[in-house]
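Chemist: any chance you can model this:
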Amino acid sequence: MLKKITNLSVNLVQKYLPDPFLFCILLTLVVYVGGMLMTAQGPIAMINHWYNGFWNLLAFSMQMVLVLVTGHTLAQAPVMQKALKALAKPANTPAKAILFVNFFASVACLLNWGFGLVVGALYARQLAKDVKGVDYRLLIASAYAGFLVWHGGLSGSIPLTLATASPELAKITMGVVVDPVSTSTTIFSTFNMVIVMVLLFTVPFICLFMHPDPQSTISADPSTFKDTARQIDTAQANKSPADWMEHSSLFSLLVGLLGLIFVVSYFYQSGFELNLNIVNFIFLFAAIILHGTPRHFLDAINEATKGASGIILQFPFYAGIMGMMTGANAEGVSGAILMSNWFVDTATTTTFPLFTFLSAGLVNFFVPSGGGHWAVQAPIMMPAGAALGVPVAKTAMAIAWGDAWADMIQPFWALPALAIAGLGARDIMGYCIIILLYSGLIIGAGLTFL
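Modeler: Next up, the predicted model:
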């Protein structure tokens with residue numbers, strides 16, 4: 001039964017889902033027209049909101065480009081190729097490959113979402129090389145599905161924001177949260193841990209049950225795994241001082257040592273706090289050291305940057321969509337506020353966490369950034385939840401889970417994984433829809449009854 005539903009979902013997505021950039025353009029037009037209709041703002045006002053938001057994700061876009069490029073470059077180092085191959089050895093059948101890749105990616109995303117997003121896709125690539133008969137599309141979808149649990153893990157931006165003392169905390173929650181909220185009531189709460197554990201140990205089997213029959217299985221294109229590493233050309237390396245420097249490991253080791261000293265110092269002072277900047281820093285300098293010579297490193301990074309075009313092109317458009325969704329009229333009303341208010345108006349004390357989760361999923365489709373999402377929904381949902389007697393930690397985690405849940409059908413976050421895999425959004429989104437439906441039931445039930 002599940003395979004029939006999956007086949008229907010995959011076929012519909014293959015037929016109707018456009019390229020991610022065209023999807024982004026269509027979403028832009030829908031939000032533009034919808035914003036005028038919902039908030040009674042003129043066409044020029046909406047265009048201004050669009051432009052005002054267009055460049056708001058530049059810093060984040062660069063971080064995401066570096067997540068992709070540095071992670072991919074690191075994976076091309078010979079020692080990392082051996083490590084990935086060793087990790088792939090136990091998963092020597094298609095069934096094991098699907099189970100292993102989702103569980104591995106999920107655990108990695110619980111530790112740090114940026115790290116998990118990249119290493120999950122890289123692990124899937126390695127499995128596709130080594131395991132015969134596994135469907136490559138489902139393998140990458142299973143790796144990306146690990147991203148589902150990130151906002152319930154150690155790098156969840158909303159619970160970490162709540163746990164950090166800041167003057168902005170009271171402001172953005174409309175005075176509901178004045179003092180920091182401990183992660184013991186958010187990330188490490190019973191309801192959150194139960195949701196995470198159920199997803200962690202059941203989603204791999206949902207992925208497995210979706211595997212197509214052997215005659216319908218699509219393997220990876222061998223050209224996807226082109227090895228970019230180059231052997232040292234001794235004659236070229238000795239040709240001139242410049243060539244010698246490019247093929248000498250001395251300079252890589254020296255600059256790598258500087259990076260290593262900083263990483264050790266950083267973790268000693270921060271208590272092993274991970275964020276995108278330090279993850280990218282580690283990936284970058286580890287790649288410089290492990291590739292051995294500047295020439296090998298540059299060859300690998302030149303290859304890795306080829307997959308970054310989707311992020312560079314599409315992230316500004318999504319920032320523009322966010323600008324239109326959050327752009328308010330003279331009365332202070334925006335499209336995102338109207339969406340959230342509709343769910344608030346129909347909720348009770350019991351159903352409020354569920355409705356908050358669903359509204360967060362809907363808003364995330366248009367505002368796919370965790371920080372932007374919190375800025376939109378916190379001023380609405382936190383006071384409403386407090387008025388109904390819902391604990392602030394429960395409301396905040398409902399927003400967080402809605403944000404992560406909708407990522408399963410939002411191409412925004414799939415772009416780095418797709419670039420690493422050499423696939424398009426329509427190749428994996430049919431499977432992701434099934435994961436979305438299943439996980440929605442688990443998360444919704446956990447937020448309602450726990």
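Chemist: what's downstream of the helix or strand of the chain with the lowest mean pLDDT, the next helix or strand?
Modeler: Every helix and strand in the chain was compared by mean pLDDT, DSSP states H and E; the lowest is helix 234-237, with a mean of 49. Scanning forward in sequence from helix 234-237 by DSSP states H and E, the next helix or strand is helix 241-246.
Chemist: immediately after that following helix, which helix or strand?
Modeler: Sequence-wise, the next helix or strand downstream of helix 241-246 (DSSP H and E) is helix 249-270.
Chemist: and that following helix, what's buried?
Modeler: 252, 256, 259 (16 or more other CB atoms under 10 Å). For the C-beta atoms, the positions are set from N, CA and C on the backbone; glycine is no exception.
Chemist: before we move on, what about stretch 129-144?
Modeler: The neighbour-count criterion (16+ other CB under 10 Å) identifies 129, 131, 134-144 as the buried residues of stretch 129-144.
Chemist: run the chain-centre distance for it.
Modeler: Taking CA atoms, centre = their mean, to the nearest Å, one finds the center of stretch 129-144 at 19 Å from the center of the full chain.
Chemist: again, but for stretch 109-117
Modeler: Here the centre of stretch 109-117 is set off from its chain's centre by 8 Å, with CA atoms, centre = their mean.
Chemist: then stretch 378-389?
Modeler: That offset, for stretch 378-389, works out to 27 Å (CA atoms, centre = their mean).
Chemist: what's the answer for stretch 345-354, then?
Modeler: For stretch 345-354, the distance to the chain centre is 28 Å (CA atoms, centre = their mean).
Chemist: over to stretch 407-421?
Modeler: When distances are taken as CA atoms, centre = their mean, stretch 407-421 is centred 7 Å away from the chain's centroid.
Chemist: what is the helix or strand containing residue 62 packed up against?
Modeler: Assigned by DSSP H and E, residue 62 falls within helix 58-75. Packing partners of helix 58-75 (3 or more CB pairs under 8 Å, 6 or more residues apart in numbering; DSSP states H and E): helix 78-88, helix 113-130, helix 276-290, helix 294-304, helix 309-326, helix 411-421.
Chemist: could you dump the ones you listed into a markdown table and include distance to residue 17?
Modeler: Putting those into a markdown table (distance: least, CB to CB, whole Å) gives the following:
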| stretch | distance to residue 17 |
| --- | --- |
| helix 78-88 | 30 |
| helix 113-130 | 20 |
| helix 276-290 | 28 |
| helix 294-304 | 26 |
| helix 309-326 | 15 |
| helix 411-421 | 9 |
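Chemist: nearest approach to residue 46 belongs to which of those helices?
Modeler: Each of the helices and strands packed on helix 58-75 has some distance to residue 46 by CB to CB; the shortest is helix 309-326, at 5.8 Å.
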